[in-house]
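A.B. asks: Here you go, sequence then predicted model.
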Amino acid sequence: MRAGAKAIRAAIIDLDGTMLHTVPDFELALNGMRSEFGLAPITQDTIEPMVGKGSEKLIRDVLALDFDAARIEAVFIDAMAAYQRHYLAINGERSQLYPDVVEGLQALKALGLRLACVTNKPIAFTTPLLARKGLAPHFEIVYGGDSLPKKKPDPLPLLQVCRDFDLPPAQVVAIGDSSNDAEAARAAGCFVLTVPYGYNHGRPVQTINSDGIVNSLLDAAKLISVHNSTSN
């Protein structure tokens, strides 16, 4: 965190790869979709680098493993519908909380921070998943990838949260696992912290332009506490 900066008053937290390990759910839903098109199952190792840029790109990338561009366009609508149907049926069934997520959220709230969840996951998946995992009560605001006209890495969702909270971006931190989160935060003028265990499109987290790497949300809360103790 930069010396001399103002105190942090809110945190915008990503979902997939930051709070929840959701690739096992993606595996079930995507392979359910693929089976309807006569395609062989794919593994979590194949899926993980594809996660994080929204459902439309995910489905196109998964279909591109077997289909050319013309075939992808021909089946895309049906494939998306099949994926959504399968995902809603298993949403949260195999996903797991990362260590210290709940403790970290509690610590952030104890610091007086307002919390928002901003994810590229569709809101129809996001809301029930947060509820199922007991995370929903921690957040005042939740935006999915289709809640607003643009999604991360565009800064729009983060700027919308800043407006909702009536806070300048310089007093808001985004916490995520990927370059999407960092690019959105940088463009919005927010701080950004990254966790090292998520889905950064197959690239090392050290390549992300962030204000620091934290091992957990609890560590993020500790860092913000130190920052705020020396800020206005």
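C.D. replies: Happy to help now that I have it. Keep in mind that what you see is a predicted model, and the values were worked out from it rather than measured.
A.B. asks: got the contact list for residue 55?
C.D. replies: 80, 83-84, 121-122, 145 (C-beta atoms under 8 Å, 6 or more residues apart in numbering). (Glycine included, C-beta is placed from N, CA and C.)
A.B. asks: let's go with 6 Å and repeat that
C.D. replies: residue 122 (C-beta atoms under 6 Å, 6 or more residues apart in numbering).
A.B. asks: any idea how far it lies from residue 123?
C.D. replies: Per C-beta to C-beta, to the nearest Å, residue 55 is found 11 Å from residue 123.
A.B. asks: Wasn't residue 206 part of a strand?
C.D. replies: No: under DSSP: H, G, I helix; E, B strand; the rest coil, residue 206 falls outside any strand and is assigned helix.
A.B. asks: Quickly list the domain ranges of this protein.
C.D. replies: 10-21+97-229, 23-90 (automatic domain parsing).
A.B. asks: among those domains, which is the most enclosed?
C.D. replies: Most buried of these by mean neighbour count (mean count of other C-beta atoms under 10 Å) is domain 10-21+97-229; its value is a mean of 20.
A.B. asks: That domain: end-to-end distance?
C.D. replies: 15 Å (C-alpha to C-alpha, to the nearest Å).
A.B. asks: And stretch 133-145, by the same measure?
C.D. replies: 19 Å.
A.B. asks: List the contacts of it.
C.D. replies: Against stretch 133-145 from outside (C-beta under 6 Å, 6+ apart): 54, 105, 114-123, 126, 130, 151, 157, 161, 164.
A.B. asks: Just the C-alphas of the lengthiest helix in the chain, formatted as CSV.
C.D. replies: With secondary structure taken from DSSP state H, the chain has its longest helix at helix 69-90. Extracted in CSV, the C-alpha atoms of helix 69-90 (Å, rounded to 0.1, in the frame of the first residue of the first chain):
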residue,chain,number,x,y,z
ALA,A,69,-15.2,-20.9,-35.7
ALA,A,70,-18.1,-21.5,-37.9
ARG,A,71,-19.3,-24.5,-35.9
ILE,A,72,-18.9,-22.6,-32.6
GLU,A,73,-21.2,-19.8,-34.0
ALA,A,74,-23.7,-22.4,-35.1
VAL,A,75,-24.0,-24.1,-31.7
PHE,A,76,-23.2,-21.3,-29.4
ILE,A,77,-26.7,-20.4,-28.3
ASP,A,78,-27.6,-24.0,-27.6
ALA,A,79,-24.3,-24.7,-25.8
MET,A,80,-24.8,-21.6,-23.6
ALA,A,81,-28.3,-22.7,-22.7
ALA,A,82,-27.1,-26.2,-21.9
TYR,A,83,-24.2,-24.9,-19.8
GLN,A,84,-26.4,-22.6,-17.8
ARG,A,85,-28.9,-25.4,-17.2
HIS,A,86,-26.2,-27.8,-15.9
TYR,A,87,-24.5,-25.1,-13.8
LEU,A,88,-27.7,-24.0,-12.1
ALA,A,89,-28.4,-27.7,-11.2
ILE,A,90,-25.0,-28.1,-9.4
